[in-house]
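1. Whatever this is, show me its structure:
(2 chains)
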Amino acid sequence: MRKELDEILEGVAFFAGMGEEEIALIAGCGRNVRFGAGETIFRQGDAADVFYVVRQGSVAVGHFAPPRGELVIETIEVGELLGWSWLFPPYRSHFDARALTTVRATQFDGACLRGKCEDDPALGYDLMSRFAQVLIERLQWTRLRLLDVYGDGR
Amino acid sequence: MATVADDRAVGALVPSPFRVGERRQDTADTWTLTLEPLGDGFAVVPGQFVMVYMFGVGEVPISVSGPPESRGEPVVLTVRAVGAVTTAICNSEPGAIVGLRGPFGNSWPVESASGGDVLVVAGGIGLAPLRPVVLHALAHRSEYGAASVLYGARTPQDLLYTDELRRWGDELAVEVTVDAADTAWLGRVGVVPKLVAQAEFRPDSVRAFVCGPEVMIHYTVEALRERGVPDERIFLSLERDMRCGVGLCGHCQLGPTLICRDGPVYTQAQVAQLMEVREL
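-> Reported below is the predicted structural model:
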């Protein structure tokens, strides 16, 4: 099972270029999970102790905003990461995540990974650099949407 | 003494009458009209535009979204009502007469893309000028390798040609995304340039055709460059204040080029430096 997870992670862009030893360490905190279409993966305010790499399907990240109901902020697709609230206190999810289709993902235990990162600063730096890249990309795409480029300027 | 060239220029400034045939509402503010020539009409190649004259209101440039391949065939235009003239066009009932001048400008190089991969990236109303490229790729599917359409809009309600998008998906890889949605939407939410990273194409053989708001074009070009697509293989349709359509008035000047005459289709290599000049 561990070997199988190692191989899966080697095929994920987020882990590209990582050494086998590091992959094995990270895989030690992971397990494969499945969600049915429409199933809630986590909710705003839940304890954020895990994150996911989506291997199949699509996840809607949203926010419940009365009286408008749930608004979808973005979708997470195959190969992308879901969840980063496990990185920093208070370790609470800021948004809802719901499977739009059947979703197969690898789930990682955040506390387990944080522990390994503290024990191995090189692994911690590498992992944080990769997460920072994801965060920056998402921030840039969000900024682009803030520009409302399809508006007519009226 | 008038010359042949003068006669051509004058002819290009005189609108020809077209009758509104079919009219279909695509979104809350966008309509597709089929215009039938009352005279000889004209042939249009993918990427060209026409000047649409609403008598007593004014004239605007509109890209042709359904080009007639020969004279006498109807011209299909998709128009978003954003001002007095475009609103008048969208409100035109079947049977109304409008004036058309053109066609003007150059074209998408669909023929030279043959043999390689094709990538169409459109944002908002920018899908309208690219629809002829998609129709050409569908009609000549066997001549191309991987063929993809990446399309983004503000919301699901703002998507154009939704029925066609589904049909195109039978033969092309079609990915649609919107900037914002509620839970009724089960598709992607995010910006269209982001889709470039996952699209199937070979950077050394693809021709990328891009049209949409300039901000969206900017980020799409960045994403294409990250994938290794050379600037010479990235084709953009630009828009400025086109008025005469024949390179006489200068309103659509972009540095050394007049978009109505030399464009509207350029390679990224041709305009990369110009697009960085804020004053332009």
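2. can you give me the strands for chain A?
-> Taking DSSP state E as the test, the strands found in chain A are A:30-35, A:40-42, A:50-56, A:59-65, A:69-76, A:81-82, A:96-99, A:103-109.
3. same thing with the stretch 101-250 of chain B?
-> For the stretch 101-250 of chain B, strands defined by DSSP state E, counting those that start in this stretch occupy the ranges B:118-123, B:147-153, B:173-178, B:181-182, B:188-189, B:207-211, B:234-237.
4. mean confidence for the third one?
-> Confidence over strand B:173-178, taken as the mean pLDDT, stands at 96.
5. Which elements pack onto that strand?
-> Applying 3 or more CB pairs under 8 Å, 6 or more residues apart in numbering or on different chains; DSSP states H and E, one finds that strand B:173-178 makes contact with strand B:147-153, helix B:162-168, strand B:188-189. For every residue, glycine as well, the C-beta is placed using N, CA and C.
6. If we use 6 Å, what do you get?
-> Judged by 3 or more CB pairs under 6 Å, 6 or more residues apart in numbering or on different chains; DSSP states H and E, the packing partners of strand B:173-178 are strand B:147-153.
7. on that earlier part again, can I get the strands of the stretch 101-250 of chain B in a markdown table with mean neighbour count?
-> Converted to a markdown table, the strands of the stretch 101-250 of chain B look like this (neighbours: other CB atoms under 10 Å in any protein chain shown):
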| stretch | mean neighbour count |
| --- | --- |
| strand B:118-123 | 28 |
| strand B:147-153 | 26 |
| strand B:173-178 | 20 |
| strand B:181-182 | 18 |
| strand B:188-189 | 24 |
| strand B:207-211 | 27 |
| strand B:234-237 | 24 |
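8. just checking, which of these comes out with the lowest mean pLDDT?
-> Averaging pLDDT over each of the strands of the stretch 101-250 of chain B puts strand B:181-182 lowest, since it has a mean of 87.
9. Just checking: what are the partner strands of that one?
-> strand A:69-76 (antiparallel) (DSSP bridges).
10. who's in contact with the strand it pairs with?
-> Around strand A:69-76, the neighbours that count as contacts under CB atoms under 6 Å, 6 or more residues apart in numbering or on different chains are A:54, A:58-65, A:82, B:181, B:183, B:188-190.
11. Only C-alpha atoms, please: export that strand in CSV.
-> Output of strand A:69-76 as CSV, limited to C-alpha atoms (Å, rounded to 0.1, in the frame of the first residue of the first chain):
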residue,chain,number,x,y,z
GLY,A,69,-26.8,30.4,-0.1
GLU,A,70,-23.6,28.6,-1.0
LEU,A,71,-21.4,30.5,-3.5
VAL,A,72,-18.7,28.5,-5.3
ILE,A,73,-15.4,30.4,-5.2
GLU,A,74,-13.3,28.0,-7.3
THR,A,75,-13.1,24.4,-8.3
ILE,A,76,-10.2,22.1,-7.6
